[in-house]
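**Q** return atomic coordinates for the entry below.
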Amino acid sequence: MRNNAKPKKILFVCGSLNQTTQMHQIANELPEYRKVFTPYYGNRDFDMLRAIGALEYTIGGHKLGKRCLDYLRDNDLPLEWGGMLNDFDLAVHCSDLVWANNLDAKPSLLVQEGMTDPESVLFPIYKRFRKQLPGWLAGTSAFGMSDRYSKFCVASDGYRELFASRGADRSKMIVTGIPNFDDCTKYLKNDFPHRDYVLCATSDVREVFWYEDRKGFLLKAVDIARERNKQLIVKLHPNEKLPRATDEIKKWAPEAIVYPSGNAEVMVANCDTLICKYSSLAYVGLALDKEVFSYFDTGELKKLLPEQNGRAAKNIAAVVRNMLGDTVQPSHELR
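**A** Next up, the predicted model:
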């Protein structure tokens with residue numbers, strides 16, 4: 001960086017708590033820059049949908065937006081809603097399913113959060129008309145397909161192949177790992193009071209208008225726990241309707257211990273068996289050699305498993321410096 005030059009400014013576009021903490025970790029590896037953060041945002045159509053409550057169970061809604069804001073304030077991170085000053089030199093984005101117009105004139109880096117959904121029924125339509133349609137129509141299966149970003153940091157070689165097969169530009173992708181899933185062994189050191197149980201992690205698919213057989217899901221978890229003679233613990237997804245979810249557990253899995261909140265990763269670290277649906281927690285389980293039941297093929301998940309390099313935030317920071325022309329040679333070659 002030039003002497004006496006004003007430090008370059010980076011806008012971090014956050015979302016869920018997982019996405020926000022990843023952005024924070026990346027920012028911590030870039031001490032020489034000015035950094036500002038914003039909850040997830042879009043254009044006027046996005047604002048209208050949020051105003052009428054259509055986004056409430058997504059990262060664009062008021063509920064998750066408040067969690068993001070609370071985290072930013074609790075960690076004393078500078079807030080600039082929607083990059084409103086428009087003087088940032090680069091944006092680091094958590095999801096391209098919505099893309100604000102003020103990002104188009106700037107270099108931008110998309111960072112993978114974790115697992116993406118299977119291709120939805122609307123995915124083929126979106127893929128064909130993706131220049132005209134918003135990515136959120138196809139859910140997270142359309143993640144990375146907007147092609148409006150400059151570079152794209154992905155979790156593993158397997159994910160690069162997956163995103164490329166869906167239509168993302170392979171030449172823009174860099175395998176860096178992703179911060180919250182690059183060292184799952186760190187979750188083994190914890191003070192969670194239970195050990196050697198079956199963990200059932202629920203999802204919020206109903207809140208985002210997908211169908212779920214919650215009764216069948218819970219009864220399967222009960223059967224697996226009984227077969228192994230283990231205590232069943234249910235970790236509820238923080239975005240689902242908790243009263244409904246707890247009532248269902250009382251009815252169909254009454255012997256389960258229920259955790260509406262808490263660190264799900266450490267719960268995975270202490271379990272013997274993990275049961276989930278479309279959750280990135282499956283990667284924590286596989287990385288720690290747990291027995292994992294999920295709605296994805298286990299062999300495929302092992303191919304997609306995020307790199308366990310322990311330095312994903314540093315790798316992504318190196319990409320940022322390269323994009324800004326402040327090249328720093330990473331400690332190992334990024335690919």
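**Q** need the three-state assignment for the spatially most central residue of the chain.
**A** Centroid check for the chain by C-alpha atoms, centre = their mean gives Glu113 as the closest residue, at 3.0 Å. The three-state label given to Glu113 by DSSP: H, G, I helix; E, B strand; the rest coil is coil.
**Q** quick one: the strands in the stretch 51-200 of the chain, in order.
**A** Under the criterion DSSP state E, counting those that start in this stretch, the stretch 51-200 of the chain contains strands at 90-93, 108-111, 151-154, 173-175, 198-201.
**Q** counting neighbours, what do you get for Lys303?
**A** As a burial measure, Lys303 scores 13 neighbours (other C-beta atoms under 10 Å). In short, each C-beta sits where N, CA and C put it, glycine included.
**Q** tell me the spacing between the closest residue to it other than its chain neighbours and Ile316.
**A** With sequence-adjacent residues excluded and distances taken as C-beta to C-beta, 6 or more residues apart in numbering, Lys303 is closest to Gly158, at 4.0 Å. For Gly158, the distance to Ile316 (C-beta to C-beta, to the nearest Å) stands at 18 Å.
**Q** the more surrounded of the two?
**A** Ranked by neighbour count (other C-beta under 10 Å), Gly158 and Ile316 place Ile316 first, with 27 against 18.
**Q** which residues does the more buried one contact?
**A** Neighbouring residues of Ile316 by C-beta atoms under 8 Å, 6 or more residues apart in numbering: 26, 29, 92, 109, 111, 153, 176, 179.
**Q** surely the fourth one meets His93?
**A** Yes - under the criterion of C-beta atoms under 8 Å, Leu109 is in contact with His93, at a separation of 6.9 Å.
**Q** in this protein, spot the helix with the most residues.
**A** Determined from DSSP state H, the single longest helix within the chain is helix 214-228.
**Q** pLDDT on it, on average?
**A** Helix 214-228 shows a mean pLDDT of 96.
**Q** so what does that helix touch, helix or strand wise?
**A** strand 198-201, strand 232-235, helix 242-252, strand 273-275 (3 or more C-beta pairs under 8 Å, 6 or more residues apart in numbering; DSSP states H and E).
**Q** so for Cys68, which of those sits nearest?
**A** helix 242-252 (19.4 Å; C-beta to C-beta).
**Q** and the closest one, which residues are buried?
**A** 245, 248-249, 252 (16 or more other C-beta atoms under 10 Å).
**Q** on that earlier part again, tabulate the strands of the stretch 51-200 of the chain (a markdown table), appending mean pLDDT and distance to Leu288.
**A** Converted to a markdown table, the strands of the stretch 51-200 of the chain look like this (pLDDT from 0 to 100; distance: least, C-beta to C-beta, whole Å):
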| stretch | mean pLDDT | distance to Leu288 |
| --- | --- | --- |
| strand 90-93 | 98 | 29 |
| strand 108-111 | 98 | 23 |
| strand 151-154 | 98 | 22 |
| strand 173-175 | 97 | 22 |
| strand 198-201 | 97 | 12 |
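**Q** quick one: which of those is nearest Thr38?
**A** Short answer: strand 90-93, nearest of those by C-beta to C-beta, at 9.4 Å.
**Q** so what touches the closest one?
**A** 8, 10-13, 23, 26, 83, 99, 103, 106-111, 149, 316, 320, 323-324.
**Q** just the buried residues from these, in ChimeraX please.
**A** To isolate the buried members of the contacts of strand 90-93 in ChimeraX, using 16+ other C-beta under 10 Å:
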select :8,10,11,12,13,23,26,83,99,103,107,108,109,110,111,149,316,320,323,324
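**Q** in terms of contact, does Val222 touch Ala253 like I think?
**A** Yes - at 5.1 Å, Val222 counts as touching Ala253 under the criterion of C-beta under 8 Å.
**Q** between those two, what contacts are shared?
**A** With C-beta under 8 Å, 6+ apart, Val222 and Ala253 have common neighbours Leu232.
**Q** do you know how far the closest residue to Arg166 other than its chain neighbours is from Gln308?
**A** The shortest distance from Arg166 to any residue other than its chain neighbours is 6.2 Å, reached at Met145 (C-beta to C-beta, 6+ apart). Going from Met145 to Gln308 by C-beta to C-beta gives 27 Å.
**Q** more neighbours: which of these two?
**A** Met145 (20 against 15).
**Q** quick check, pLDDT for that one.
**A** So, for Met145, pLDDT stands at 94.
**Q** Ala5 too?
**A** 74.
**Q** how close does Arg335 get to Ser156?
**A** Counting by C-beta to C-beta - Arg335 and Ser156 are separated by 11 Å.
**Q** show the contacting residues for the residue nearest to Arg166.
**A** Residues in contact with Met145, defined by C-beta under 8 Å, 6+ apart, are 96, 126-127, 130, 135, 163, 166-168.
**Q** those helices in the stretch 1-150 of the chain, which residues are they?
**A** If DSSP state H, counting those that start in this stretch is used as the criterion, the helices of the stretch 1-150 of the chain fall at 17-28, 44-51, 62-74, 123-128.
**Q** what is the rounded mean pLDDT of the shortest one?
**A** I take that to be helix 123-128. For helix 123-128, the per-residue pLDDT averages 88.
**Q** same deal with stretch 26-39?
**A** Stretch 26-39 shows an average pLDDT of 98 in the prediction.
**Q** buried sites along it?
**A** Buried residues in stretch 26-39, defined by neighbour count with 16+ other C-beta under 10 Å: 26-27, 29-30, 33, 35-39.
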